[in-house]
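>>> Sharing a sequence plus its predicted fold:
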Amino acid sequence: YIKMEGPLCFVVGTRPEIIKMAPVVHECVERKVPYILVHTNQHYSDCLDKIFFHELAVPAPTHNLGVGSGSLSAQTAKILARMGELLEKETPRVVVVQGDTNTAFACALAASHAQIPIAHVEAGLRSYDRRMPEETNRTLIDHMATYLFAVSHLQRDILLGEGIAARSVHVVGNTVADSVHRALSSTGHAEVLARFGVRRGGYLVVTMHRPENVDTRHPLEQVLRVLAGIAAATGVPLLLPLHPRTGKKLEEFGLALPDAVRPIPPVGYTDFLCLLSGATAIVTDSGGVQEEASLVGTPCVTLRLSTERPETVNSGANVIVGHDREAAVAAVGRAVDGLWPKWSDVLPRGAARKIMNVLAPPRTSTAGPSVTVVGLGYIGLPMACLLARGGCVVTGVDVDAERRALVARGEVPFSEPGLSEILREVVGAGRLRVRDAPGKTAFYVIAVPTPHRNGVCDLSCVVSACRDVADVCRPGDTVVVESTIAPGTCAKLQEHLPRGIRIAYCSERAIPGSTLHEMIHNDRIIGFGDGCREEANDLLALYRTFVRGEVLLTSLRTAECVKLVENASRDVGIALANEFSQVLDELGADAVDVIRLANHHPRVNILSPGAGVGGHCIPVDSHFLVQATTAGTLLRTARRVNEEQPRILARKVLAVARDRQLADAPPLRVGIMGVAYKPNVDDTRESPAKSVLATLVEAGCQVRFHDPLVMAWQELRSAASPGKLDGWAHILVIVTEHHEYEEWQSSTAVLVDNLGRIRSDPKT
């Protein structure tokens, strides 16, 4: 989820980053999207820095971190520290980095620490040469990034193969194509060539600066040997814009350039492109130059053993020769003799526009479709807000008058990061209005609770909502059920709707605490009636106003089953972990350690045992799936195992209290820490703490609780702090491991974790 407040933060530090980020900054300026531009100063000379801002018309940096030169580790540490401080002050909505430099890696790491989404321009490049620090940088950035902008489907496939979610990867092309076009359209080639005393087709260009080629004597000697061989075989002069790093190393090692290699000072971007486009060929170790050469039509010979730009090789624009003198001479010879085959354009323009379409989608002033969302709870309210922000005119309906009043004032009635900002925006813009009953709209989304009663899905709220909608909907309207339901429910609901009303099912996939991000980026499955699927385009368009994952169409029955199967599979996995925990307890082994070590096997992934299952849907979805089937023995058994786990925890607490004789006289005072169904949310639906409480009360215990996010629960009030509960209780049990409890230690009571193990005992 990209929060709407705060600017985009573009980061540059080197020549390639300035070149490739420039089109994105231009597109941002054109769209009037707020932004800041951070320059780390990794390249700090005029020839490698300021001239590129000027020639590419990039606005001056908003912030300059002034890092300068240094070793890889020292430079990275400086950038990380200074960027971290900057992000605390600026709090941008997204940090956008490009490529694989120390700048890109350190700034991405700083953003990751600050929990700010990262966008990686040129994601998915791989040379598979781990000797190159750039390979490590680019790989780590990709695995930190939220938005990965790949050059082609080749890079997309690489990212998917590394386990990155498809919804995070966007194939956009390469921004260098935009920069090359802009630079070459604004300069005169003849004047540039005359200034350097060369004529078109009468020279070669050389660039070399990679650490693996110039930082140690032997590789640098090999490169010079290759250049000498090319000069001797072709008789063509070689023009070398001398990188400061390379010049320094030549002097340090006492090495001289071959006579035919003519060094010139580093040049600006437009001058370099003019030299490149007029050359017979280029000999380089630069990744960016490989791309630029393919764009201007100049054959490229690369003095490396691998490349992260395979599309330039596959197209025929580039050959990889390493330090093989004969291969390099042969390749350059083909170019000099006019025998290098032509290649097609592999880097079309328009990447910057596509990137900004993801980071800041253009908004239209025209009103979108009208939608009623029935139920403004944990799912309905975020969906109503996202639909409204996507351009729809939304009516929110809820039976709770207090909730309606809060939403109408732009206040969220529960805790959900980022939702308040969007709610205030859409209510203020008049795109979300609140009513106590549905009105006439084109779409109706039902997002009301479906609790279970003795393992059976309670449809009373869904049926009631459906009847309310039936009073106002018209033929051709669409009713979408988002509530979790048992298979076959939509067919029953159709009976409550007038003829001509289409019904669809699209179950939510969201986790409180990350609902907005999941609603936007998760794939969605939409089930449609068999006779209506060809009419589903308008519903697909509705979801695509805010969903950036894939939207997949299937039958009603399949869609009803998908989410239930997803959660039932997780329920079974958790039950297996809980069974392991019980078995290992009896064997005297530490279950957490055993599972952790077993998971080192490449094909083993055992979940963590515990009192809860980490989701309010998981405890009910297995029931819904098998409520009308005879099959499902494993699913029912898994549910029983997991339902018993909180009671097992309570019995372990009682056993610890007995063993340590904690209560001189009854009743035993027990403090429950955390009563939400999962850490760091305020939602207590299907919480394991309820069964823990019941078991302890049944045993005659006096029970109080503390939860930093839940003030009242089961007719109890939360203790003011963990310390207050600690001072009252004989024993404390952590049922829900909120962040606040991770390092907390009791001072008077015995503290037990959610597996019944003693975490601390102040008396020992």
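Perfect, thanks for sending it. Numbers count the residues shown, from 1 in each chain.

>>> Helices of the stretch 451-600 of the chain, start to end?
Ranges of helices in the stretch 451-600 of the chain, per DSSP state H, counting those that start in this stretch, are 460-470, 489-494, 515-521, 537-543, 556-587, 591-598.

>>> Output the below-cut-off pLDDT ranges for the stretch 201-350 of the chain.
345-348 (pLDDT under 70).

>>> and the residue lying farthest from the centre of the chain, which of the three is it?
In the chain, the residue that sits farthest from the middle, by Cα atoms, centre = their mean, is A665; the gap is 54.2 Å. Secondary structure for A665, judged by DSSP: H, G, I helix; E, B strand; the rest coil, is coil.

>>> Contacts only, for it.
With contacts defined as Cβ atoms under 8 Å, 6 or more residues apart in numbering, A665 has no neighbours. Bear in mind the C-beta positions are built from the backbone N, C-alpha and C, glycine included.

>>> Next one: it from A183, what distance?
Counting by Cβ to Cβ, to the nearest Å, the gap from A665 to A183 is 86 Å.

>>> T478 too?
With Cβ to Cβ as the criterion, T478 and A183 are 50 Å apart.

>>> likewise R660?
Distance of R660 to A183, computed by Cβ to Cβ: 76 Å.

>>> Settle it for me: which of these two has more neighbours?
Using other Cβ atoms under 10 Å as the criterion, R660 and A183 rank with A183 on top: 23 against 15.

>>> Am I right that the more buried one sits in a strand?
No - under three-state DSSP, A183 sits outside any strand and is assigned helix.

>>> Count residues in the vicinity of the residue lying closest to it once chain neighbours are set aside, would you?
Leaving aside its chain neighbours, A183 sits nearest to T270 (4.7 Å; criterion: Cβ to Cβ, 6 or more residues apart in numbering). By the criterion of other Cβ under 10 Å, T270 has 22 neighbours.

>>> How far away from the center of its chain is the host helix or strand of T270?
When secondary structure is defined by DSSP states H and E, T270 falls within helix 269-278. Offset of helix 269-278 from its chain centre (Cα atoms, centre = their mean, to the nearest Å): 37 Å.

>>> Just the CA atoms of stretch 211-219, as PDB, please.
Extracted C-alpha coordinates of stretch 211-219, given in PDB (Å, rounded to 0.1, in the frame of the first residue of the first chain):
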ATOM      1  CA  PRO A 211      36.800  -3.000  -9.700                       C
ATOM      2  CA  GLU A 212      37.400  -6.500 -10.900                       C
ATOM      3  CA  ASN A 213      39.100  -5.100 -14.000                       C
ATOM      4  CA  VAL A 214      41.100  -2.200 -12.600                       C
ATOM      5  CA  ASP A 215      41.600  -2.500  -8.900                       C
ATOM      6  CA  THR A 216      44.300  -5.100  -9.000                       C
ATOM      7  CA  ARG A 217      47.400  -5.200 -11.200                       C
ATOM      8  CA  HIS A 218      47.000  -8.500 -13.100                       C
ATOM      9  CA  PRO A 219      43.400  -8.000 -14.400                       C
END
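
>>> hmm, who's touching that stretch?
Residues from elsewhere that reach stretch 211-219 (Cβ under 8 Å, 6+ apart): 131-133, 208, 220, 223, 243, 245-246, 249, 253, 255, 285, 303-304, 323.

>>> now stretch 140-148
94, 97, 100, 104-105, 108-109, 111-112, 117-120, 123-124, 159, 162, 164, 168-170, 358-359.

>>> That stretch spans what distance, first to last residue?
12 Å (Cα to Cα, to the nearest Å).

>>> quick one: buried residues of that stretch?
Neighbour counts over stretch 140-148 (16 or more other Cβ atoms under 10 Å) mark 140-142, 144-148 as buried.

>>> about what we covered before: what helices and strands are in contact with the helix holding T270?
On a contact count with 3 or more Cβ pairs under 8 Å, 6 or more residues apart in numbering; DSSP states H and E, helix 269-278 meets helix 50-55, helix 176-184, helix 189-195, strand 238-241, helix 287-296.

>>> quick one: strands adjacent to the helix or strand following the longest one?
Moving toward the C-terminus from helix 287-296, the first helix or strand encountered (DSSP H and E) is strand 300-302. According to DSSP bridges, strand 300-302 forms sheet pairs with strand 281-284 (parallel), strand 318-320 (parallel).

>>> Would you pull up how far strand 300-302 lies from the middle of the chain?
Remark: strand 300-302 is offset 35 Å from the chain centroid, using Cα atoms, centre = their mean.
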